[in-house]
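Enquirer: sequence plus predicted model, see below.
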Amino acid sequence: MKIGISTSTFFNTIAPENMFELMRGMRIDTTEFYLQTFSEYEKQYVDTLAALRGSVNVVAVSPLSIQFEPQLFSPSLRVRSDAEILFKKVCYAASALGAKYYTFRGQANLSAVKDFDYQKIAQRYNQLIDMAATYGIALSLKNMRWSFASTPDYFEKLFALCPRLNANFDMYNAELAGYDIREFFDVCPPQRISHIGVTDMSKGVWTLPGKGKFNFEKLFTDIDRRKITAPVFIACPSDCYSDYLQVQSGFDYLNGAYSHIK
């Protein structure tokens, strides 16, 4: 299992084109890479990023999904088609950066719907999976607290209908939705988990790993016991720290915690 960092941790603190240099300086060689806006999905910009990547392993690429992913499920053909243009640009970005996965969030559940038409949803997911596959990319659904995919039950039912769909599970979103992240692990075959995002909490405030109460040694033991080999990334809000040395300390802490169980 590799430990790395999601560039979401640096959101609004540094431009994406400077991320790789920053990570190399922190001895981080594995990442989930975030793109933040429409111009960053364009081929010219993506190719510039790819030239800067060096030896950093990009596991997954993530867009700012609310910009277009919910529209991929619109009943309007025109809306879906416009959203697919952006979807394919992100697939190209993932391919250009050497990633295997697209971190996908899908439908926003702003009306708190609880009964889903899984057959209809799965049909669309399988279409999107086919589109991504033409770029050599696999779709990996994230458990966003505001989305359809906020519960273990949703993953379990959708996975039964989408055999090529993968998942990535985030502790921050699991906790906000009222779940332990292990509840998501339990409904997903280990080989279909692409990556895992972790954070910590102290006195009700989110913080970097090692600054809160979470027992990461136990988490890593549970991950190993489930035979999950997906990389684990720090994925914290950028207001969790005041300088990058603190992020480096969180990364070192996770590596130390994992070394104790090996």
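Expert: Arrived safely.

Enquirer: all contacts plus neighbour counts: C-alpha atoms, from now on.
Expert: Fine.

Enquirer: wasn't residue 196 part of a strand?
Expert: Yes. Counting by DSSP: H, G, I helix; E, B strand; the rest coil, residue 196 is part of a strand.

Enquirer: residue 244: neighbour count?
Expert: 13 (other CA atoms under 10 Å).

Enquirer: now the helix or strand bottoming out on mean pLDDT in the chain: buried residues?
Expert: Using mean pLDDT, DSSP states H and E, the weakest-scoring helix or strand in the chain turns out to be strand 200-202, at a mean of 87. For strand 200-202, the buried set under the neighbour-count rule, 16 or more other CA atoms under 10 Å, comprises 200-201.

Enquirer: following it, which helix or strand comes up?
Expert: strand 205-207 (DSSP states H and E).

Enquirer: determine the longest helix present in this structure.
Expert: Using DSSP state H to define each element, the chain has its longest helix at helix 77-96.

Enquirer: can you give me the buried ones in that helix?
Expert: Quick answer for helix 77-96 (16+ other CA under 10 Å): 80, 83-84, 86-96.

Enquirer: burial of the spatially closest residue to residue 119 that is not a sequence neighbour, as a residue count?
Expert: With sequence-adjacent residues excluded and distances taken as CA to CA, 6 or more residues apart in numbering, residue 119 is closest to residue 161, at 7.4 Å. Number of residues near residue 161 (other CA under 10 Å) recorded here: 16.

Enquirer: for residue 105, see how far away residue 161 is.
Expert: From residue 161 across to residue 105, the span is 17 Å (CA to CA, to the nearest Å).

Enquirer: stretch 42-60 - what's its average pLDDT?
Expert: In this model, stretch 42-60 has a mean pLDDT of 97.

Enquirer: need the contact partners of that stretch.
Expert: Contact partners of stretch 42-60, identified using CA atoms under 8 Å, 6 or more residues apart in numbering, comprise 16-17, 20-21, 24, 28-33, 39-40, 89, 92-94, 96-103, 195.

Enquirer: could you pull up phi and psi at the nearest residue to residue 246 once chain neighbours are set aside?
Expert: Closest residue to residue 246 apart from its sequence neighbours, by CA to CA, 6+ apart: residue 208 at 7.9 Å. Backbone torsions of residue 208, given as degrees, to the nearest 10, read phi -70, psi 150.
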